[in-house]
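**Q** Pasted the sequence and its predicted model underneath.
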Amino acid sequence: MDSDGARGGERDREDAELIFQGVERQAELVRTGKITSRALVEAALRRITRLDPALGAFRVVLAKQALAEADARDEGKADGPLHGVPIAVKDELDVAGQVTGFGGAANHTPVTADSEAVRRLRAAGPSSSAATMPEFGQWPYTESEAHGHTRNPWDTTRTPGGSSGGSAAAVAAGLVGAALGGDGGGSIRIPAACCGLFGLKPQRGRVSTAPNPHLWYALGTVGPLTRTVRDAALLYDVLAGTTATDRWSARPTTEGWVRALETPPGRLRIGYSAKSAVPGVRPHPEHVGALLETVRALRELGHDVREVNPRYPDATVPFAAQFCGGVRAEADAVERPDRLERRTRSTLALARLVPESAVERGIRAGERLAERVDRMFTTMDLLLTPVIAARPRAVGALDGAGLLTALARSRPMVAYTALWNVTGHPAASVPAGHGADGLPLAVQLVGRSDDEVTVLRVAAQLEAARPWAERRPQLSAS
């Protein structure tokens, strides 16, 4: 190898080491002057240029804007907890001056202001680029007619999950240290599970959806995908809070999220079950194995862990009503409805049959289900389950698929996650090793209403016992 090639290889390794350290460490390096924000952004941009053609994680990369923001950060005082750190943003969150595409091609006018979540991020220091998603986030596979397939960094023939698959692929591949996603039926937890990341769906109303009053009514939340629990806590310290325009608002936490991690959770009662909330869906044997291995680890950590047989309520009707209402509301706001995907137009034809009164009834039904689920947590502090039933399938899950086929192919991916969107409870995907196919395994921790802190604390214990971030995908440039 010539000297230029050797230097290029060395720089690639240096860039990877820097990005894989995560956002807390990156911010510390900038704050202490060990690296400039511009150097950090340049490292991310080099990795995106080199590796993203094989992944399709980004719809647009705001390179000039990110470098200008980095220069401004370097010239100013390092006062934000994420000062100078590049972070990706899912394509359903407004970024000032950019088109919010919702995964499709039906919008073409740039928005004039950041969404509230992006505003809070920007105030804390980062710059951003838009990550890919399926149109309106309808599916647990990140595939669209407008932007093609997004691929899993652990195996580019496989899906990264969805709908926040672009965000997950970008973080797992070390293109950015963290990314924002959204979760209306599992769309943070599913890609986190497929890509070996930590992904917490927070309590409904924890993070603002402004300027929109809701995200798929009571189903949707906004949150980060990260490589570590601590990075997630740091980001939630920045993101948590709502505005007067938000329809839902969670009970405020009593302390900072990062600070909460300093206190061990104590001995907890943790129930576990491989049973799916969707009848007829059974988990892959390796997912059951990951569940039982996590049970063993939690017992070694001193917790009282017992198998339970949850009497899951049927959430089909309240979920379907809000799914239809949410997709309809987003589709009605686009500029070019003629550019919507054929499958989305089929969803809309169904959604038009669901009146707004039925959506509101679905919300109230979900609230009643939440009360039933709360009774489960009188005998346990956390519930441990799989995240997805099937292994990540080959890309192209939605190719040629009509609405009914897409729904059927989505069922094994959402069988453990969607219930918690209906009830609003916090739930996290926690890495749990790798399967025989080389792809990540994961488990789900579900907490009581408004109790993200206990989920985070136990996830942090598991992370300390089996540090998952040490293993990285080996991705080559296309």
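**A** Received, thanks. Residues are numbered from 1 along each chain as shown.
**Q** Spatially central residue for this structure, please.
**A** The centre of the chain sits closest to Ile188, judged by Cα atoms, centre = their mean, with a distance of 2.5 Å.
**Q** For the nearest residue to Gly162 once chain neighbours are set aside, grab the count of nearby residues.
**A** Once flanking residues are discounted, Gly162 sits nearest to Thr142: 4.2 Å by Cβ to Cβ, 6 or more residues apart in numbering. From N, CA and C alone the C-beta is placed, and that goes for glycine too. Neighbour count for Thr142, taken as other Cβ atoms under 10 Å: 37.
**Q** top helix in this structure by residue count?
**A** Longest helix in the chain by number of residues (criterion: DSSP state H): helix 356-376.
**Q** which ones are touching the residue nearest to the centre of the chain?
**A** When contacts are counted by Cβ atoms under 8 Å, 6 or more residues apart in numbering, Ile188 is found next to Ser164, Gly181, Gly182, Gly199, Leu200, Lys201, Thr221, Gly223, Leu225, Ser429.
**Q** repeat for Arg296
**A** Per Cβ under 8 Å, 6+ apart, neighbours of Arg296: none.
**Q** any idea how far it lies from Ala432?
**A** Distance of Arg296 to Ala432, given as Cβ to Cβ, to the nearest Å: 11 Å.
**Q** With Asp304 instead?
**A** Distance, Asp304 to Ala432, by Cβ to Cβ: 20 Å.
**Q** Which one of the two is surrounded by more residues?
**A** Taking other Cβ under 10 Å, Asp304 and Ala432 do not tie; Ala432 has more neighbours (26 against 13).
**Q** Doesn't the more buried one lie inside a helix?
**A** No: checked against DSSP: H, G, I helix; E, B strand; the rest coil, Ala432 lies outside a helix; its state is strand.
**Q** In this structure it contacts Leu439, no?
**A** No: under the criterion of Cβ atoms under 8 Å, Ala432 makes no contact with Leu439, lying 11.9 Å away.
**Q** Tell me which stretches of this structure form strands.
**A** Listed in chain order, the strands of the chain (DSSP state E) span 58-60, 86-90, 127-131, 143-144, 148-149, 178-183, 198-201, 221-226, 269-272, 304-307, 382-386, 427-434, 440-447.
**Q** buried sites along the first one?
**A** By that I understand strand 58-60. Phe58, Arg59 (16 or more other Cβ atoms under 10 Å).
**Q** With stretch 325-333 instead?
**A** Gly325, Gly326, Val327, Arg328, Ala329, Glu330, Ala331.
**Q** Same question for stretch 47-61.
**A** Arg47, Ile48, Arg50, Leu51, Asp52, Ala54, Leu55, Gly56, Ala57, Phe58, Arg59, Val61.
**Q** Now do the end-to-end distance for it.
**A** 12 Å (Cα to Cα, to the nearest Å).
**Q** Mean confidence (pLDDT) on that stretch, please.
**A** Stretch 47-61 comes out with an average pLDDT of 95.
**Q** now swap in stretch 199-217 and tell me
**A** pLDDT averaged over stretch 199-217 gives 97.
**Q** Pull the number of nearby residues for the nearest residue to Met413 once chain neighbours are set aside.
**A** Closest residue in space to Met413, ignoring its immediate chain neighbours: Pro140 at 3.7 Å, by Cβ to Cβ, 6+ apart. Neighbour count of Pro140, defined by other Cβ under 10 Å: 32.
**Q** Excluding its own residues, what touches stretch 232-247? List them.
**A** Contact partners of stretch 232-247, identified using Cβ under 8 Å, 6+ apart, comprise 23-24, 81-82, 116-117, 120-121, 123-124, 178, 198-200, 202, 205-211, 213-214, 217, 222-224, 226, 248-250, 253, 256-258, 260-261, 452, 456.
**Q** ok so, going back, the residue nearest to Met413 contacts Gly162, correct?
**A** Yes: the pair Pro140 and Gly162 passes the contact test of Cβ under 8 Å, sitting 4.8 Å apart.
**Q** Now for these two: what residues contact both?
**A** Residues within reach of Pro140 and of Gly162 at once, by Cβ under 8 Å, 6+ apart, are Ser187, Ile190.
**Q** Run through the residues that contact Ala54.
**A** Arg151, Thr156, Leu475, Ser476, Ala477, Ser478.
**Q** Oh, that last question was meant for Ala43, not what I typed.
**A** Glu14, Asp15, Leu18, Ile19.
**Q** Could you list the low-confidence segments of the stretch 201-350 of the chain?
**A** Low-confidence segments of the stretch 201-350 of the chain (pLDDT under 70): none present.
**Q** Could I get the full set of helices for it?
**A** 229-239, 257-260, 285-300, 316-332, 342-351 (DSSP state H, counting those that start in this stretch).
**Q** sorry, back to before: how about the longest helix of the chain: buried residues?
**A** Ala358, Val359, Gly362, Ile363, Ala365, Gly366, Leu369, Ala370, Val373, Met376.
**Q** so how far is Val317 from the fourth one?
**A** Here the criterion is Cβ to Cβ. By it, Ile363 lies 11 Å from Val317.
**Q** likewise Ala232?
**A** For Ala232 relative to Val317 (Cβ to Cβ), the value is 32 Å.
**Q** Of these two, which one has the most company?
**A** Set Ala232 next to Val317 and count neighbours by other Cβ under 10 Å: Ala232 wins out with 31 against 14.
**Q** Leaving out chain neighbours, which residue sits closest to that one?
**A** Thr226 (4.6 Å).
**Q** on that earlier part again, tell me the buried residues within the contacts of Ala43.
**A** Buried among the contacts of Ala43 by 16+ other Cβ under 10 Å: Asp15, Leu18, Ile19.
**Q** Nearest residue to the last one in space, ignoring adjacent ones along the chain?
**A** Sequence neighbours aside, Gly174 is the residue nearest to Ile19 in space, at 4.5 Å (criterion: Cβ to Cβ, 6+ apart).
**Q** mind listing what the one you found touches?
**A** By Cβ under 8 Å, 6+ apart, the contact list for Gly174 reads Ala16, Ile19, Phe20, Arg47, Arg472.
**Q** and the residues you listed, which two are the farthest apart?
**A** Arg47 and Arg472 (12.2 Å; Cβ to Cβ).
**Q** Return every residue with contacts to both of the two.
**A** Ala16, Gly174.
**Q** For stretch 197-207, measure first residue to last.
**A** First-to-last residue span, stretch 197-207, Cα to Cα: 20 Å.
**Q** change the start of the numbering to 23 and stick with it
**A** I'll keep to 23 as the first residue from here, and by that count the last item is stretch 219-229.
**Q** chain center to it: distance?
**A** 8 Å (Cα atoms, centre = their mean, to the nearest Å).
**Q** Tell me where the model's unsure across the stretch 373-500 of the chain.
**A** If you take pLDDT under 70 as the line, the stretch 373-500 of the chain has these spans: 500.
**Q** Looking at strand pairing, list the partners for the closest residue to Val82 other than its chain neighbours.
**A** Excluding the flanking residues, the one nearest Val82 by Cβ to Cβ, 6+ apart is Ala152, at 4.9 Å. Ala152 has the following beta-bridge partners by DSSP bridges: Val82, Val111.
**Q** now Ala152: how far from Asp113?
**A** 5 Å.
**Q** So for these two, which sits in the more crowded spot?
**A** Remark: of Ala152 and Asp113, Asp113 carries more neighbours, 33 against 23, as counted by other Cβ under 10 Å.
**Q** I'd assumed His309 was in contact with Gly455.
**A** No: the pair Gly455 / His309 is not scored as a contact, 10.9 Å apart, by Cβ under 8 Å.
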